[in-house]
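S.K.: Structure for the following, please:
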Amino acid sequence: MKINMDQQQMEAYEKINSLMKDVTDLRVEYWHQYSNFQSWQFWVIFLLMFLTPLLVLYFVIDRKKMFLLGFYGFNINVWFGIVDTWGNKQGLWGYPYELTPYVPGNLSLDTALVPVLFILVYQWTLNHNKNFYLYTIVLALFLSFICKPILVMHNFFLLHKWANYFYLFIGYCLIFLFSKLITNIFLKMSKNTSSYY
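M.R.: Residues are numbered from 1 along each chain as shown. A predicted model of the protein is given here:
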């Protein structure tokens, strides 16, 4: 049985839907004008931030730990994507150049560069019996205070309002801690599989 919305709610919903479509149309138009295949920025994003990290991961991932590393990296990807989309929609940061205008946030950073870097650090700490948290904090520092300023310097990333590099660092730390917690929970559950069957 379908429950009908009242007229006021329907009008509000339709207004939001219409504005979202207008914003999408503007993003596509902007992308075609400034961030398309003919711009050097597109190729930097595609080759350096998207394709290269995925190729490196393909060749260096520890195949014996691939599912563990992939699960952790997928967690990083999901949470980073959510936080990045939230910050973008709140007007805290933005990306003047993007791989595609159809996906919110920055596809190359959210799905390739950042998750791959976190996966590689996790793999290295596992294989060398090093402190995961220490080295991942170092990666978060690198991303927040070196990588992001370089992106800002070349207009690949812009900060707005009250956003700053320290808040980005806190965000990276929260994301990797939450991703590691979820990974640890699933690892513990998989070790107790026999009790579930």
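
S.K.: now Y13: how far from K21?
M.R.: 13 Å (CB to CB, to the nearest Å). Just so you know, the C-beta spots here come from the backbone N, C-alpha and C atoms, and that holds for glycine as well.

S.K.: Give me the pLDDT value at P101.
M.R.: If you check P101, the pLDDT there is 89.

S.K.: And for S194?
M.R.: 54.

S.K.: mind saving the C-alpha coords of stretch 123-138 as PDB?
M.R.: Output in PDB follows, covering the C-alpha atoms of stretch 123-138 (Å, rounded to 0.1, in the frame of the first residue of the first chain):
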ATOM      1  CA  GLN A 123      50.500  -4.400   3.800                       C
ATOM      2  CA  TRP A 124      54.000  -3.100   4.700                       C
ATOM      3  CA  THR A 125      53.200  -3.100   8.500                       C
ATOM      4  CA  LEU A 126      51.800  -6.600   8.300                       C
ATOM      5  CA  ASN A 127      54.800  -8.000   6.300                       C
ATOM      6  CA  HIS A 128      57.400  -6.200   8.400                       C
ATOM      7  CA  ASN A 129      55.700  -6.600  11.800                       C
ATOM      8  CA  LYS A 130      55.600  -2.800  12.300                       C
ATOM      9  CA  ASN A 131      53.200  -0.600  14.200                       C
ATOM     10  CA  PHE A 132      50.200  -0.100  11.900                       C
ATOM     11  CA  TYR A 133      48.900   2.900  13.800                       C
ATOM     12  CA  LEU A 134      52.200   4.800  13.800                       C
ATOM     13  CA  TYR A 135      52.900   4.300  10.100                       C
ATOM     14  CA  THR A 136      49.300   5.100   9.200                       C
ATOM     15  CA  ILE A 137      49.400   8.300  11.200                       C
ATOM     16  CA  VAL A 138      52.500   9.200   9.200                       C
END
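
S.K.: Report the distance from it to the chain centre.
M.R.: Centroid displacement of stretch 123-138 relative to its chain, using CA atoms, centre = their mean, to the nearest Å, is 21 Å.

S.K.: That one - what's its average pLDDT?
M.R.: Here the average pLDDT along stretch 123-138 is 98.

S.K.: what does the helix or strand bottoming out on mean pLDDT in the chain rub up against?
M.R.: The weakest-scoring helix or strand in the chain, judged by mean pLDDT, DSSP states H and E, is helix 107-108 (a mean of 90). Here helix 107-108 makes contact (CB atoms under 8 Å, 6 or more residues apart in numbering) with I45, F46, M49, F50, E98, L99, T100.
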